[in-house]
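J.: below: sequence and its predicted model.
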Amino acid sequence: MKVFIASLFCVLSLQVSAQKVVPFKDAASSRYGFKDQTGKIVVQPKYGNASDFGSYDPNFSRVDSNGRTGLVNAYGKEIAATKYFSIEQFSDGLAVARMGNNNYGYIDTTGKEVIPLIYNGARDFVNGLAVVTIYDKKDNAKKGIVNKAGKLVVPVKYDELYGFSDGLCLFKLGSRQGFIDQNGNEALSFSKYDRIGYFNHNRAVVSKNDKYGYINRNGKEIIPLKYEMAENFDDEGYGKIRIKEQYFLIDTSGNQKSNAGFNISATVNVAKDRWVVVTSKTLEAKEPVYFLTPQTYGKTPVPFGASITWQIIDDKNNVIKEARTGTGSCAFRVPKDGVYTIQAYYDMNDCTGCRTEDKPKFFTMGYSFNTKL
């Protein structure tokens, strides 16, 4: 019993005394080491660089020595020796590690190489599966899928694998495109489509001869190929489509949703050749969010460094939104359907290196759009 108590005391003492460390740079040697929270040096300065905890991973610092990379954990222990060309971020408990130009595999959070570095390419693990690449005899990159035990669940033979979504992985092999299930079986295969997208909400976008529509998991065309453009369904259950330069959201039955469209071609040229357009719109909490940016053409773009003020004006000429930004774009919501005018202007006093030919000192870009379908 005394031996057990003493052993337990030692273990507890070690746990209590173990303190998390932070990297520091030694001024004399310009090398990096690690100190604990009391300032005590736990790892002497020996690395050429060391990332802060959290910038690479909350639990690890990525360290470099003589052009090679390793990992140090939060208590100063080197769990992966500085021998790798690169170590990517951990995903699903494993990180891609590379030796040389074409030797990829995976290490776990203890630094152990759990999947040998035998592949010519490797992607992050997602839900226990990862895409790997091997070059064939003709130097063509062929792709397959491994599980976390390193077993190939999808053979390395495909020209492209795009990862799993809704339990299916999109593949391309020669002229064929289709989907593989998580057991490696080809669930769907087509040669008739020019493009196939991901499944989400049991719908995947397909196209043929520049017409777009949607299929279900059985391969049936649920929404006909009649659109000028279509995007994959989002997590809210909406797909974005285009009809005669007008964008709309549709549900999984193909019904157009209100408060969802805007005309991207109705730009108005104001003040020489400066333009402003609605560039995209997303649905957040079932409310549309519009993203604006100036698109400039010709010889007189918006001067570099200009702080742009955006104004959203309703049909009664009231400014309902105003935002000032130095990035040249902004996002906004409108309170209800209607016709709105977007204005964007800058003051020459805000500019860095503005030219005299950019005068007048202030100008307005104008654009009107109707949120109604």
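T.: That came through, no problem.
J.: got the buried residues for stretch 198-217?
T.: For stretch 198-217, burial by neighbour count (16 or more other CB atoms under 10 Å) applies to 198-201, 203-207, 212-217. Using the backbone N, CA and C atoms, a C-beta is placed for each residue, glycine as well.
J.: relative to Asn318, how far out is Phe332?
T.: Note on Phe332: its distance to Asn318, by CB to CB, to the nearest Å, is 14 Å.
J.: these two: who's more crowded?
T.: Set side by side, Phe332 and Asn318 show more neighbours around Phe332, with 18 against 8, by other CB atoms under 10 Å.
J.: quickly find the element holding the nearest residue to that one once chain neighbours are set aside.
T.: Distances taken as CB to CB, 6 or more residues apart in numbering place Lys321 nearest to Phe332, at 5.0 Å, with adjacent residues excluded. Following DSSP states H and E, the helix or strand that holds Lys321 is strand 319-325.
J.: now swap in Ala97 and tell me
T.: strand 94-99.
J.: of all the residues in the one helix or strand Thr133 maps to, which ones are buried?
T.: Assigned by DSSP H and E, Thr133 belongs to strand 129-135. Judged by neighbour count using 16+ other CB under 10 Å, the buried positions of strand 129-135 are Leu129, Ala130, Val131, Val132, Thr133, Ile134.
J.: and the first one, bridged to which residues?
T.: Applying DSSP bridges to Leu129 gives these bridge partners: Val126, Asn147.
J.: quick one: low-confidence parts of the protein?
T.: Low-confidence segments of the chain, defined by pLDDT under 70: 1-18, 245, 258-308, 325-330, 334, 337-338, 343-373.
J.: just the endpoints, please. Distance across stretch 180-199?
T.: 12 Å (CA to CA, to the nearest Å).
J.: can you give me the buried ones in that stretch?
T.: Ile180, Asp181, Gln182, Ala187, Leu188, Tyr193, Ile196, Gly197, Tyr198, Phe199.
J.: out of these, which is nearest to Lys25?
T.: Tyr198 (44.6 Å; CB to CB).
J.: is it fair to say Ser61 lies in a strand?
T.: Yes. Checked against DSSP: H, G, I helix; E, B strand; the rest coil, Ser61 lies within a strand.
J.: count the neighbours of it for me.
T.: Ser61, neighbours per other CB under 10 Å, totals 27.
J.: wait, what's in contact with Lys142?
T.: Thr133, Ile134, Tyr135, Asp136, Val156, Lys157, Tyr158, Asp159 (CB atoms under 8 Å, 6 or more residues apart in numbering).
J.: once you drop chain neighbours, what's closest to the fourth one?
T.: Once its chain neighbours are removed from consideration, Asp136 has its nearest residue in Lys142; the separation is 5.4 Å (CB to CB, 6+ apart).
J.: ends of stretch 109-121, how far apart?
T.: 20 Å.
J.: which of the residues in that stretch are buried?
T.: Thr109, Gly111, Ile115, Leu117, Tyr119, Asn120.
J.: what is the nearest of those residues to Gly163?
T.: Closest to Gly163, out of all of the buried residues of stretch 109-121 and judged by CB to CB, is Tyr119, at 16.1 Å.
J.: and the gap between the closest one and Glu236?
T.: On the measure of CB to CB, Tyr119 and Glu236 end up 36 Å apart.
J.: do Ile312 as well
T.: Taken as CB to CB, the span from Ile312 to Glu236 is 24 Å.
J.: the two - which one has more neighbours?
T.: A count of neighbours by other CB under 10 Å puts Ile312 above the other of Ile312 and Glu236, at 21 against 14.
J.: returning to that earlier point: the buried residues of strand 129-135 into CSV, with extra columns for distance to Ser65?
T.: Listed next are those as CSV, based on distance: CB to CB, whole Å:
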residue, distance to Ser65
Leu129, 33
Ala130, 28
Val131, 30
Val132, 28
Thr133, 28
Ile134, 30
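J.: what's the farthest-apart pair in these?
T.: Longest span within those, CB to CB: Leu129 and Ile134, 16.6 Å.
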